[in-house]
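*Asks:* no letters, just coordinates:
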């Protein structure tokens with residue numbers, strides 16, 4: 001384009017573009033040229049420019065508003081492609097060594113490469129040669145298609161989720177190959193597992209979860225009773241009752257700092273009430289650390305003392321349990337209260353492993369004869385039509401307790417005396433229950449009337465055993 005107040009794009013002799021050589025000065029000059037152009041355009045529009053003869057517009061040798069050959073072009077021409085320049089395109093023959101040399105392979109060699117090609121294991125030149133050959137050879141093309149389909153079958157989609165049982169299998173394999181330096185007694189393993197599971201549940205709890213209401217439930221005098229607390233209160237309860245074992249094996253009792261009058265309460269319920277009263281109300285997340293430290297201390301100590309310490313007596317106030325049974329009892333209560341906590345925060349919680357659950361069921365079954373005797377002394381058991389007294393160590397009337405499921409088994413429960421011996425020949429009743437359901441009955445979370453028991457035989461004996469199982473529960 002040309003004319004006053006307009007720009008013309010110029011190209012230097014030789015066709016070189018000046019844009020690459022402008023630098024900062026060139027860009028400033030170009031910017032000034034745009035401003036000058038804007039001024040001339042405005043003057044042309046208003047009659048003050050060259051058209052009005054004012055003489056304000058500089059004139060080059062080419063006339064008013066014409067280009068000045070002494071100055072570089074203000075708007076360089078765009079670069080042109082070789083196709084638009086009129087120059088000849090380069091000959092492929094002149095490129096020579098720049099082009100890849102195609103492989104000249106025989107049919108047999110190309111056919112032998114089909115498997116590697118299907119697996120994408122050929123080089124670039126081999127891949128090109130095979131693919132050119134597949135366009136000319138129908139039999140090789142069919143074979144290549146079949147091989148590609150077979151390769152697809154070798155790569156089945158797999159889930160990225162880890163097998164939940166992987167950790168257990170790895171640990172068991174490692175322990176089988178290299179046992180721990182200080183092995184944990186088998187009777188302490190359930191307590192170790194259940195405290196670890198509960199600790200994992202508590203790990204991410206916030207303040208709202210720690211203060212969530214929890215109702216502890218148990219049976220007393222053939223009636224359901226309960227006590228309301230919080231998640232933190234449940235952990236304080238476990239801490240105070242586990243302290244019975246801690247004190248028995250020489251560890252620090254968590255009630256050591258409690259005032260003397262309250263510390264005199266020796267039973268699980270009394271110790272819990274004393275701990276609650278002496279601590280900040282309501283208990284907070286701070287109770288988790290001492291409970292966790294105490295549970296780890298119990299596991300370490302029984303591991304060092306070895307299995308021979310299992311017979312050490314642990315006092316529960318009005319009765320005693322040997323250490324190996326006391327550890328099972330604490331594992332059972334840890335699981336039961338962990339389910340109470342999980343229910344309070346609406347979180348799923350699984351029962352213990354079958355091998356551990358079986359040990360807990362066995363403990364409850366072994367405690368039933370004493371519980372039956374206590375019911376008779378308290379007048380809660382209706383006597384039969386005739387007295388059945390047998391000498392200690394001799395067979396007496398027996399109830400067969402059958403527990404179903406992976407943790408199940410059969411137990412013969414003597415009905416007449418804790419010193420009597422259960423005998424299949426003296427069986428008068430048979431009760432069948434699911435393993436988890438029986439544990440919920442023994443924990444006081446299920447009433448005897450609600451227990452879905454398969455029953456056969458003496459109805460009174462069955463009722464007494466079911467109520468005695470519920471009576472094993474406590475706060």
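*Replies:* The structure has been received and is ready for your questions. Everything numeric in this text was worked out from a predicted model, so none of it was measured. Numbers count the residues shown, from 1 in each chain.

*Asks:* low-confidence regions, the stretch 1-150 of the chain specifically.
*Replies:* Scanning the stretch 1-150 of the chain with the threshold set as pLDDT under 70 gives 1-87, 89-102.

*Asks:* could you redo the last one with a cut-off of 80?
*Replies:* For the stretch 1-150 of the chain, the stretches flagged by pLDDT under 80 are 1-102.

*Asks:* quick one: the strands in this protein?
*Replies:* 59-60, 63-64, 213-220, 223-230, 313-315, 320-322, 398-404, 409-414, 427-434, 454-457 (DSSP state E).

*Asks:* closest one to residue 171 among those strands?
*Replies:* strand 409-414 (26.1 Å; Cβ to Cβ). (Each C-beta comes from the backbone N, C-alpha and C, glycine too.)

*Asks:* mind listing what that closest one pairs with, with the direction of each?
*Replies:* Note on strand 409-414: by DSSP bridges, its sheet partners are strand 398-404 (antiparallel).

*Asks:* in the partner strand, what's buried?
*Replies:* By neighbour count on 16 or more other Cβ atoms under 10 Å, the buried set for strand 398-404 is 398-401, 403.

*Asks:* do you know how far residue 185 is from residue 199?
*Replies:* Distance of residue 185 to residue 199, computed by Cβ to Cβ, to the nearest Å: 20 Å.

*Asks:* and if you look at residue 118?
*Replies:* Residue 118 is 53 Å from residue 199, where distance means Cβ to Cβ.

*Asks:* of these two, which one has the most company?
*Replies:* Counting neighbours by other Cβ atoms under 10 Å for residue 118 and for residue 199 shows that residue 118 has the greater number, 20 against 17.

*Asks:* which residue, other than its chain neighbours, is closest to the more buried one?
*Replies:* residue 147 (3.7 Å; Cβ to Cβ, 6 or more residues apart in numbering).

*Asks:* next, count neighbours for that neighbour.
*Replies:* Neighbour count of residue 147, defined by other Cβ under 10 Å: 16.

*Asks:* pretty sure it is touching residue 121, no?
*Replies:* No - in this structure residue 147 lies outside contact range of residue 121 using Cβ atoms under 8 Å: 11.7 Å.

*Asks:* could I get the full set of helices for the stretch 101-250 of the chain?
*Replies:* Secondary structure of the stretch 101-250 of the chain (DSSP state H, counting those that start in this stretch): helices located at 107-112, 114-118, 124-134, 138-154, 166-177, 189-202, 207-210, 231-248.

*Asks:* what's the nearest residue to residue 217 once chain neighbours are set aside in contact with, if anything?
*Replies:* In space, and not counting its chain neighbours, residue 217 is closest to residue 226: 4.7 Å by Cβ to Cβ, 6+ apart. By Cβ atoms under 8 Å, 6 or more residues apart in numbering, residue 226 lies in contact with 215-218.

*Asks:* residue 368 - how many residues pack around it?
*Replies:* Residue 368 - counted by other Cβ under 10 Å - has 23 other residues nearby.

*Asks:* quick check: the gap between it and residue 205.
*Replies:* Between residue 368 and residue 205 the computed distance is 36 Å (Cβ to Cβ).

*Asks:* now swap in residue 131 and tell me
*Replies:* With distances taken as Cβ to Cβ, residue 131 is found 61 Å from residue 205.
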